[in-house]
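> Need the 3D shape of this:
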Amino acid sequence: MARKDTAKSLEKDGLGSNDIEQLLANYPNKEAMKKASAEELRSKGVSEEGVAKLKPNQAPKTAKKPVKKGAKRREEVAEAPKFEFEVPDRAVALTELEKKMVKMSEGMGIGIQDGSKPPSKKKYMSLSVIKAIATRIEGIDLPESKIKKIIQRSYDRYTEHQMDPHESAGILAAQSIGEPGTQMTMRTFHYAGVAEINVTLGLPRLIEIVDARRVPSTPMMSIYVEKDVRRDVEEVRRIASDIEMTALTDIASIDTDIVNMKVLVRPDHHKMENKRIDTETVFRELSKSRGLKGLVEMAGEDIVISASEPSFKMLQRIVDDVKDKKIKGVDNIHRAILRKTGDEYVIYTEGSNLREVLDTKGVDKTRTTTNAVQEIYEVLGVEAARNAIMGEAYRTLDEQGLNVDIRHIMLVADLMTNDGDVKAIGRHGISGRKSSVLARAAFEITAVHLLHAALTGEVDHLNGVAENIIVGQPVTLGTGAVNLEYKPVPRGQKNG
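So this is what the prediction gives:
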């Protein structure tokens, strides 16, 4: 019985019948077969294939070159063509005078920093300063000695205007804008040069800018027209009429016929002519209105709108719907006024819609602007919004006769836009997003910030100004930013 079981087990291992007979004739069981060496098995007449299956670890190894997985694929990848990526150089090439001045500066020991790499010398100056000087002296025959004097004087002024390390730039900017802000008026003035349009100026306008209000209290646009038509008053007036929003009540009177349950629209042809609108345009726009399709029809010079059901409520609803119906123009532009500025005509508007105005034919897209900063951000991007914040804040202060250094306003604009969107300076913006718990708590709603920080386990590293003052530590600015270390001299060793 045991012999049959051993034979079946060897069959399962894949041995042939001849090998099984030889093994059973020479060995009592399978354990003895496995203990026998490969040479001994061969001598008993077991084939090489049988030896390999019975003793797989001692089977003769054929010299085979190993093929690694993915080798073929790597070869294919290696054969693929290589692409060399080059970063395009968008910098404007230097003029001959600028190259000459850069060379002269380096000869004087003043390195020129272009922003692409850190300065190589201790004495350095920005390339933009060299470009500004070159633009002003271009075409003037100056000896080299004079140009060197100009470069030296510019370097001296440049170093004077640089900020010292650990200087409290933020506090200086806040004080420089905040103190003049206390002298600003709280009233609304007419826009300079346009008496018909009221624009918020003074302190309320400055608050609007730093609060990043989505819609200013008095939105307004300055629209410039293209070069070939800017002196043609009729053409500029046509562009203004295309931009100004015209409602039905601006060009027609609306009457109600209660007996016949109809609304009568009587166009004023004189007003329509001024707005360059015809009766067909009015009819077409009214027919597009929701709920009026199929109810509008022409009756001689008038337009008749029939009620879908004999109801006074329905008649009143029709009157309310068509009264403010836009016939022509751009949404939110309530008024457009022409003014001659220099030798060209400029359109000033009450209301703002930058996206649609820039799509209007004849408008100069490079100079047209609005006082709505958020709108500029949505249409032109964050860099344009930064410039708009700087321009609006500077003009607001300047209009009041307050002279604030542009660098302080630039710092505020940078802080408001450095994350890629326009943030307000307040608890919903910059102050509310500070990483320091104590700085947020010191600004507004103290208990809420501290409670939330305690619940979530926030850590304050005390890096800023407010948090160090709260805990009574020196502020890490100016002398507080420097740590002094004293190394005592070991005994028996002299100082120095």
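
> remind me which residues of the stretch 1-150 of the chain are low pLDDT?
Judged by pLDDT under 70, the stretch 1-150 of the chain has its weakly predicted residues at 1-2, 4, 56-83, 85, 87-91, 115-121.

> Helices of that one, start to end?
2-12, 17-26, 30-35, 38-43, 48-54, 71-79, 96-107, 127-137, 144-160 (DSSP state H, counting those that start in this stretch).

> could you dump those helices to JSON lines with mean neighbour count?
Glycine gets a C-beta too; all of them are placed from N, C-alpha and C. Formatted as JSON lines, the helices of the stretch 1-150 of the chain follow (neighbours: other C-beta atoms under 10 Å):
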{"stretch": "helix 2-12", "mean neighbour count": "13"}
{"stretch": "helix 17-26", "mean neighbour count": "16"}
{"stretch": "helix 30-35", "mean neighbour count": "14"}
{"stretch": "helix 38-43", "mean neighbour count": "15"}
{"stretch": "helix 48-54", "mean neighbour count": "18"}
{"stretch": "helix 71-79", "mean neighbour count": "9"}
{"stretch": "helix 96-107", "mean neighbour count": "16"}
{"stretch": "helix 127-137", "mean neighbour count": "16"}
{"stretch": "helix 144-160", "mean neighbour count": "13"}
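
> Of all those helices, which one is nearest P490?
helix 144-160 (41.9 Å; C-beta to C-beta).

> which other helices and strands contact that closest one?
On a contact count with 3 or more C-beta pairs under 8 Å, 6 or more residues apart in numbering; DSSP states H and E, helix 144-160 meets helix 96-107, strand 124-126, helix 127-137.

> what's the closest of the ones you listed to R231?
Closest approach to R231 among the helices and strands packed on helix 144-160 (C-beta to C-beta): helix 127-137, 29.0 Å.

> any residues touching the closest one, and which ones?
Outside helix 127-137, the residues that touch it by C-beta atoms under 8 Å, 6 or more residues apart in numbering are 95, 97-98, 101-102, 105, 112-115, 147, 150-151, 154, 158.

> what two of the residues you listed are the furthest from one another?
G115 and I147 (23.4 Å).

> which residues of this structure fall in strands?
With DSSP state E as the criterion, the chain has strands at 111-113, 124-126, 188-191, 194-200, 220-224, 246-247, 252-257, 262-267, 296-299, 302-306, 326-328, 335-341, 344-350, 369-370.

> which residue is nearest the centroid of the chain?
Nearest to the centroid of the C-alpha atoms of the chain, with distances taken as C-alpha atoms, centre = their mean, sits G420, at 3.4 Å.

> Ignoring the adjacent residues along the chain, who's closest to it?
Spatially, and ignoring its direct neighbours in sequence, G420 is nearest to V382 (5.5 Å; C-beta to C-beta, 6 or more residues apart in numbering).

> And H449, by the same measure?
A441 (4.1 Å).

> So what touches stretch 414-432?
The contact list for stretch 414-432 (C-beta under 8 Å, 6+ apart) reads 210-212, 373-374, 377, 382-383, 385-386, 389, 412, 433, 439-440, 443-445.

> Report the buried members of those.
210, 212, 373-374, 377, 382, 385-386, 389, 412, 439-440, 443 (16 or more other C-beta atoms under 10 Å).

> Now do the contacts for E378.
R355.

> Just confirm Y124 contacts I110, I think it does.
Yes - the pair Y124 / I110 is scored as a contact, 6.6 Å apart, by C-beta atoms under 8 Å.

> Which one's more surrounded, those two?
Neighbours per residue, other C-beta atoms under 10 Å: of Y124 and I110, the larger number sits with I110, 21 against 18.

> Pop the domain breakdown of this structure in here.
With domains defined by automatic domain parsing, the chain comprises 2-58, 96-160, 434-481.

> how long is the longest one from one end to the other?
To tie it back to what came earlier, the one meant is domain 96-160. End-to-end distance of domain 96-160 (C-alpha to C-alpha, to the nearest Å): 28 Å.

> Just give the nearest non-adjacent residue to E344, would you?
Using C-beta to C-beta, 6+ apart, the nearest residue to E344 is R230, at 4.0 Å.

> go on, A453?
V437 is the one closest to A453 (C-beta to C-beta, 6+ apart), at 4.1 Å.

> Could I get the contacting residues of I389?
209, 373, 409, 412-413, 416-417, 422.

> thinking again about what came up before, okay, now the residue nearest to H449: neighbour count?
Around A441 there are 22 residues (other C-beta under 10 Å).

> Off-centre distance for stretch 374-389?
Computed by C-alpha atoms, centre = their mean, to the nearest Å, the chain-centroid distance of stretch 374-389 equals 9 Å.

> what is the mean pLDDT for it?
Here stretch 374-389 scores 94 as its mean pLDDT.

> quick one: N260 from D156, how far?
The gap separating N260 from D156 is 88 Å, by C-beta to C-beta, to the nearest Å.

> and if you look at Q316?
77 Å.

> repeat for Q374
Counting by C-beta to C-beta - Q374 and D156 are separated by 42 Å.

> and if you look at K123?
K123 is 11 Å from D156, where distance means C-beta to C-beta.

> Same question for R339.
Note on R339: its distance to D156, by C-beta to C-beta, is 45 Å.

> go on, A384?
As judged by C-beta to C-beta, A384 and D156 stand 35 Å apart.

> can you pull the contacts of T369?
221-222, 354, 376, 388.

> what sits opposite it in the beta ladder?
As for beta bridges, T369 partners with S222 under DSSP bridges.

> Would you mind giving me the confidence score for it?
Listed pLDDT for T369 reads 92.

> where does the stretch 351-496 of the chain have low pLDDT?
Scanning the stretch 351-496 of the chain for pLDDT under 70 picks out 495-496.

> change it to 80
427-428, 431-433, 444, 492-496 (pLDDT under 80).

> Show me where it has its helices.
Using DSSP H, counting those that start in this stretch, the helices of the stretch 351-496 of the chain run over 354-358, 373-380, 382-399, 406-417, 437-443, 446-456, 465-471.

> Likewise for the stretch 201-350 of the chain?
Counting by DSSP H, counting those that start in this stretch, the helices of the stretch 201-350 of the chain are 203-210, 233-243, 248-251, 269-274, 279-288, 312-323.
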